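J.: My questions are about this predicted structure, shown below with the sequence.
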Amino acid sequence: MELMIDIFMDAVIDTAKLIPFLFLTYLAMEYLENKAGEKTVNMLLGAGKKGPLIGGILGVVPQCGFSAAAASLYSGGVITIGTMIAVFLSTSDEMLPILISERTKAKEIVWILGVKIFIGVIAGIFVDIVVRMRTGGTQKGLHIHEICERDHCHCEEGSILKSAVTHSLQTVLFVFLVTLALNALVEGIGMEQVVRAAAAHPVRSILLTALIGLVPNCASSVMITTFYLEGVLSVESMLAGLLSCAGVGLLVLFRTNKNWKVNLMTVASLYGISVFCGLAAQLIL
């Protein structure tokens, strides 16, 4: 019974952290759509060449809320997919607080953050270039009024504030239910034992930690960072796991963007980039 209460409370806490980020994001999207107009939204989307750089830098802020905001902004047609991926790859989630609390050397922390930013920015720029080449220079996503129509929430009949609250609550409820299920699954599988068993095999460890990083839950970054500090995981395995660790950003993406092909390609890209960088680090370091 105590375990179930802990699982439930962890889900509540993880989800509660997202509320201000999601609310402010939807509020900004509503304002752009209703007040600033289509021209402003298109201008922001067209600024995608700088988007991955900005996204890569903002992503290292120790809050999974930024990845959730990036997913919402992409689904709303405000930022490019490359910018979103840059945020996903660079986001530090719970990594940074743990490194600081364990008194990790500042030089090592800066190195980890710098590598994540660099990889996020480069990967985001590359993705945007590929997408522009395939789409003839344009990237299109849903706009906020299209999301309203799809979800049948009738937000257009109310105020900007009401619309932002409605979309935030819908997304928070979805994230909470999935997070609750994931917490129970992680506890049931005994993920820590699996990681410890794979850690002795370098390549297998990279493949596994990158896969664990994809689990849209703050527990992933906590476990990977802790095992790295304990010496269970190598630096390349840690890098692969933390690169793919986008917090709940993937959950929000699947909730707000109904193009499952794009969503699955995003997941595959995160995993592929993370594994590649982990294997490259193994050869270089």
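T.: Cool, the structure landed. Numbering: from 1, shown residues only.
J.: Might you report the residue contacts of the nearest residue to T104 once chain neighbours are set aside?
T.: Leaving aside its sequence neighbours, T104 sits nearest to L229 (Cβ to Cβ, 6 or more residues apart in numbering; 7.0 Å). Any C-beta I mention is one placed from the backbone N, CA and C, and that applies to glycine too. With contacts defined as Cβ atoms under 8 Å, 6 or more residues apart in numbering, the neighbours of L229 are 98-99, 102, 104.
J.: Can you check the pLDDT for L229?
T.: Per-residue pLDDT puts L229 at 92.
J.: same thing with K162?
T.: Note on K162: pLDDT of 76.
J.: before we move on, back to that, who wins on neighbours among the contacts of L229?
T.: L99 (21 neighbours; other Cβ atoms under 10 Å).
J.: For the nearest residue to it once chain neighbours are set aside, give its distance to S101.
T.: The shortest distance from L99 to any non-neighbouring residue, by Cβ to Cβ, 6+ apart, is to I109 (5.2 Å). Using Cβ to Cβ, to the nearest Å, I109 is found at 11 Å from S101.
J.: before we move on, back to that, can you pull the contacts of the residue nearest to L99?
T.: By Cβ under 8 Å, 6+ apart, I109 lies in contact with 96, 99-100.
J.: Can you say which helix or strand has it in it?
T.: Element membership for I109, per DSSP states H and E: helix 106-135.
J.: tell me which residues in that helix are buried?
T.: With burial defined by 16 or more other Cβ atoms under 10 Å, the residues of helix 106-135 counted as buried are 112-113, 115-117, 119-125, 127-128, 131-132.
J.: One more: stretch 258-268?
T.: For stretch 258-268, by 16+ other Cβ under 10 Å, it's 262-263, 266-267.
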